[in-house]
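Novice: Here is my input, please return the structure:
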Amino acid sequence: MSYNPNYNRNHRRGRNQKPRVPVTLIVVFVIVLGIVAAGGVLVYTLFFGDSHPEAEQAPEPNMTEMSFFDHPLNSNLVAGRMYAVINGEVITAHTAPTMIDGSLHLPADLLRAYVDRYIFWEENTSRLTITNASQVMRFYPMQTTYTINWQEQPLAHPIREIAGMAYMSADMAMERYPVTITHNADYNFIILDFSRYEQWVHTVIEITDENEDIEDPFDEESFIPLRFGNNNQYPIMARLHAGDRIVSFSAIPSLIFDEDGDIIETFHRVQAENGLVGYISTANLSSRQHIAAVPDAIERRPVTRAEEPVNFAWQMSNLNNPDAWVAPQGMNAISPTWFTFTTDMSGDIFSRARHDYVAWAHSQGMAVWPMIQDADPDMAFSSAISRAVLEDAYVRDHVINQLMGFIADFNLDGIQVDYEVVPEDMADHWIQFLRELSVPMRESGSVLSVAAKVPMPHNMFWNRTEIGLTVDYIIIMAYDEHWATIPTAGSVASFDFVADGVRGTINEVFSHQIILGLPTYARVWEEHMVDGQWQLLDNNVGGVAQRSFGMAGARNAIESRGGVFEWDYVTRQYYGEVEVIENGVEVRYRVWLADLRSTNEKLELVRRYNLAGVGFWQLGLELPGMWAEVYRHLND
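Specialist: Numbering: from 1, shown residues only. Alright, predicted model coming up:
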């Protein structure tokens, strides 16, 4: 109605109009009606359930079907490319498998990661090497023969090389390893099945009236959805049917809760026979068959165990004077620093070995384990040498052949490897060298040991676990806690530093393979007063002012200047310092002493942790009577 200013609101009222109901009565009626309605709802809820069942009902299942490769969860996958599927995971981090001449082949990097970590492919020499505790096997692309411990054998399935990567046929892999490999052409999945993984095998249950409220059929064909996620709102990636076999890799399903915290449905993450990995409602799975994992056998070089604790020392001199040769009481092995490398990076070994010394050491009851170092003939360590003798497969062969020749020529009992400046990017080559060396050394009955620094975050790439699986002994060089290039004076080997080194190594290596290496030397630190502060001076050769002395020399450096020593209960060593004026300059000398008492404290670690023995750097710096103390500790 349009607005009319002359309109009379009372115009429609007349005699025949009914009386108006009072407003108060209407309000009272509405309130009473509301109370009755609310009471009815409460009664219905108590006896019959939810008062609004349709409003809070779970949403209908998502019926959208989507290709596996089209879902955003798989945006990193490319349809048509081959992918390995292992233990419920689609593998994308390695080179793809491929078909070569109609035969399925798997790349070496994938095989190394999931089948055998001792498969070692070197593109620069086109050589694939597989090692175990007793064999070194070598393969070359397209060759119908290979070698086992340098003996040629026929090969039915030659390896191939494509774009710098080696490929092994699936047939060859299944012949050599406990793995089943199948190819699903629909999705181009290569499915690798290992006994090392725990599995639960299920059969998909046919939809019936009893469970169709769990998953209703979406068309005339009865099927069970395999979904992209762990609830029924995710799209369907595939249709499963009654009798299909699927595998789950966990006994624990994903749980779906309602608003009250009650479980309303569970889903299992499963792998279908075609390799698809998705989720299925637990209600659609049969009772499961549990297949226990069968761990891979760990192949270990049999440790050459000594009949008594190892008690050895490093001998640094060239031993040209037979009158200076000594055989300390109880010492049963000696490690002369005989082998280094020439500087031409060829892998040629510079040798100081002596036949007469070996014969003499044997006559004194000592095994001879010469040391080879990644150093030049002047005993200067070189990361360039380390890289050169590790990186190239044929240089490694050359080094190993020379060492085996020395063992035979000099009648050596073993070799100790002391590579101290291995570049981190050579970590795999370092382990490979030890594995390749360990096999011929085992065949010859020789002891293989490795000198290793105390475990620290910056040297964990050394992989002591693999070293322990490969060699007889690992020798902890539990010294140089503070050394020539460090800007702070301190102990060479405080008790906690040594103990932490033992415990850290035991975390990776069996204790009966560990030899504790201790120092017979100490550093005398020289500090000058500069602007009211004691400072270590630069020695102009990349370090600070300090000198290394044997046990007696270090003590004398303090006492001869009027200083005294006191026992330090923190480092468990005698500590001494003295301040003097030299050439008009205030000088302070400081020493944390290595002596019999501090050495005895550390020898208790050998007994406490049941270590294989002890070694000392180096022979000739010890105090008189030390070897008798060592022998007593090891044999009491």
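
Novice: Now do the strands in the stretch 501-636 of the chain.
Specialist: 514-519, 521-530, 533-536, 546-550, 564-568, 573-582, 585-592, 613-617 (DSSP state E, counting those that start in this stretch).

Novice: how about a markdown table for those strands, with distance to Leu240, mean pLDDT and mean neighbour count added?
Specialist: All C-beta spots, glycine's among them, are computed from the backbone N, C-alpha and C. As requested, the strands of the stretch 501-636 of the chain are exported to a markdown table (distance: least, Cβ to Cβ, whole Å; pLDDT from 0 to 100; neighbours: other Cβ atoms under 10 Å):
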| stretch | distance to Leu240 | mean pLDDT | mean neighbour count |
| --- | --- | --- | --- |
| strand 514-519 | 54 | 98 | 25 |
| strand 521-530 | 71 | 92 | 20 |
| strand 533-536 | 73 | 88 | 14 |
| strand 546-550 | 73 | 88 | 18 |
| strand 564-568 | 72 | 97 | 13 |
| strand 573-582 | 71 | 95 | 17 |
| strand 585-592 | 71 | 94 | 20 |
| strand 613-617 | 61 | 97 | 24 |
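
Novice: can you tell me which of these comes nearest to Asn124?
Specialist: Nearest to Asn124 among the strands of the stretch 501-636 of the chain is strand 514-519; the distance by Cβ to Cβ comes to 35.0 Å.

Novice: what's the burial count for Phe139?
Specialist: Neighbourhood size, Phe139 [other Cβ atoms under 10 Å]: 23.

Novice: Chain neighbours aside, what residue packs nearest to the most centrally placed residue in the chain?
Specialist: The residue lying closest to the centre of the chain (Cα atoms, centre = their mean) is Asn463, at 7.5 Å. In space, and not counting its chain neighbours, Asn463 is closest to Ile431: 5.9 Å by Cβ to Cβ, 6 or more residues apart in numbering.

Novice: Name all residues that make contact with the one you found.
Specialist: By Cβ atoms under 8 Å, 6 or more residues apart in numbering, Ile431 lies in contact with 463, 466-467, 470.

Novice: Dump the strands of the stretch 501-636 of the chain to a markdown table, plus distance to Gly278.
Specialist: As requested, the strands of the stretch 501-636 of the chain are exported to a markdown table (distance: least, Cβ to Cβ, whole Å):
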| stretch | distance to Gly278 |
| --- | --- |
| strand 514-519 | 48 |
| strand 521-530 | 64 |
| strand 533-536 | 64 |
| strand 546-550 | 65 |
| strand 564-568 | 64 |
| strand 573-582 | 63 |
| strand 585-592 | 63 |
| strand 613-617 | 56 |
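
Novice: nearest to Ala478, of those strands?
Specialist: Using Cβ to Cβ, the strands of the stretch 501-636 of the chain put strand 514-519 closest to Ala478, at 5.6 Å.

Novice: Show me what the closest one packs onto, helices and strands only.
Specialist: Packing contacts for strand 514-519, counted by 3 or more Cβ pairs under 8 Å, 6 or more residues apart in numbering; DSSP states H and E, involve strand 473-477, helix 495-506, helix 596-608, strand 613-617.

Novice: Could you pull up phi and psi at Tyr114?
Specialist: Main-chain torsions, Tyr114, degrees, to the nearest 10: phi -120, psi -20.

Novice: give me the element Leu226 is part of.
Specialist: Assessed by DSSP states H and E, Leu226 sits inside strand 224-227.

Novice: Point out where the stretch 251-400 of the chain drops to low pLDDT.
Specialist: 256-264, 301-306 (pLDDT under 70).

Novice: Neighbours of Ile252, how many?
Specialist: For Ile252, the count of nearby residues is 9 (other Cβ under 10 Å).

Novice: what separates it from Trp369, distance-wise?
Specialist: As defined by Cβ to Cβ, to the nearest Å, Ile252 lies at a distance of 52 Å from Trp369.

Novice: quick revisit: make JSON lines from the contacts of Ile431 and add pLDDT, distance to Met529 and secondary structure to it.
Specialist: Below are those laid out as JSON lines (pLDDT from 0 to 100; distance: Cβ to Cβ, whole Å; DSSP: H, G, I helix; E, B strand; the rest coil):
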{"residue": "Asn463", "pLDDT": "95", "distance to Met529": "46", "secondary structure": "coil"}
{"residue": "Glu466", "pLDDT": "96", "distance to Met529": "49", "secondary structure": "helix"}
{"residue": "Ile467", "pLDDT": "97", "distance to Met529": "46", "secondary structure": "helix"}
{"residue": "Thr470", "pLDDT": "96", "distance to Met529": "51", "secondary structure": "helix"}
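
Novice: Just flag the most distant two among these.
Specialist: Asn463 and Thr470 (9.9 Å).

Novice: who touches the residue nearest to Arg523 when sequence neighbours are not counted in this structure?
Specialist: Using Cβ to Cβ, 6+ apart and skipping residues adjacent in sequence, the residue nearest Arg523 is Gln546, 4.8 Å away. By Cβ under 8 Å, 6+ apart, Gln546 lies in contact with 484, 489, 523-526, 536, 539.

Novice: So in terms of bridging, what pairs with Gln546?
Specialist: Bridge pairing for Gln546 (DSSP bridges) gives the partners Trp525.

Novice: That one and Leu111, how far apart?
Specialist: Counting by Cβ to Cβ - Gln546 and Leu111 are separated by 50 Å.

Novice: Enumerate every residue touching Asn320.
Specialist: Asn320 is in contact with no residue at all, counting by Cβ under 8 Å, 6+ apart.

Novice: I'd like to know which of the strands of the stretch 501-636 of the chain is closest to Trp338.
Specialist: So among the strands of the stretch 501-636 of the chain, strand 613-617 is nearest, using Cβ to Cβ, at 15.4 Å.

Novice: Can I get that closest one in PDB, CA atoms only?
Specialist: Once non-C-alpha atoms are left out, strand 613-617 reads as follows in PDB (Å, rounded to 0.1, in the frame of the first residue of the first chain):
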ATOM      1  CA  GLY A 613      93.300 -53.800  25.100                       C
ATOM      2  CA  VAL A 614      95.400 -50.700  25.100                       C
ATOM      3  CA  GLY A 615      97.900 -48.900  22.900                       C
ATOM      4  CA  PHE A 616     100.200 -45.900  23.500                       C
ATOM      5  CA  TRP A 617     101.400 -43.100  21.400                       C
END
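
Novice: Direction included, what does it pair against?
Specialist: Sheet pairing of strand 613-617 (DSSP bridges) gives strand 310-315 (parallel), strand 514-519 (parallel).

Novice: Tell me how far Ala313 lies from Glu629.
Specialist: From Ala313 across to Glu629, the span is 14 Å (Cβ to Cβ).

Novice: per-domain residue ranges of this structure.
Specialist: Following automatic domain parsing, one finds the domains of the chain at 72-194, 199-291, 310-519+594-635.

Novice: circling back: tell me which other helices or strands the strand holding Leu226 touches.
Specialist: Judged by 3+ Cβ pairs under 8 Å, 6+ apart, strand 224-227 is in contact with strand 236-240, strand 263-272, strand 277-281.

Novice: what about that strand, distance to the chain center?
Specialist: Centroid separation for strand 224-227 versus its chain: 37 Å, with Cα atoms, centre = their mean, to the nearest Å.

Novice: which residues are in contact with it?
Specialist: Strand 224-227 has contacts (Cβ under 8 Å, 6+ apart) with 61-62, 204-205, 207, 215, 232, 234-242, 267, 270, 272, 276, 278-281, 284.

Novice: For it, the averaged confidence score.
Specialist: Average pLDDT, strand 224-227: 94.

Novice: swap in stretch 433-453?
Specialist: The pLDDT scores in stretch 433-453 average 96.

Novice: which residues in the stretch 1-150 of the chain form helices?
Specialist: Applying DSSP state H, counting those that start in this stretch to the stretch 1-150 of the chain gives helices spanning 23-48, 108-114.

Novice: among those helices, which gets the worst mean confidence?
Specialist: Per-stretch mean pLDDT for those is lowest at helix 23-48 (a mean of 45).

Novice: can I get the strands paired with strand 613-617 in CSV with distance to Gly563?
Specialist: Converted to CSV, these look like this (distance: least, Cβ to Cβ, whole Å):
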stretch, distance to Gly563
strand 310-315, 29
strand 514-519, 21
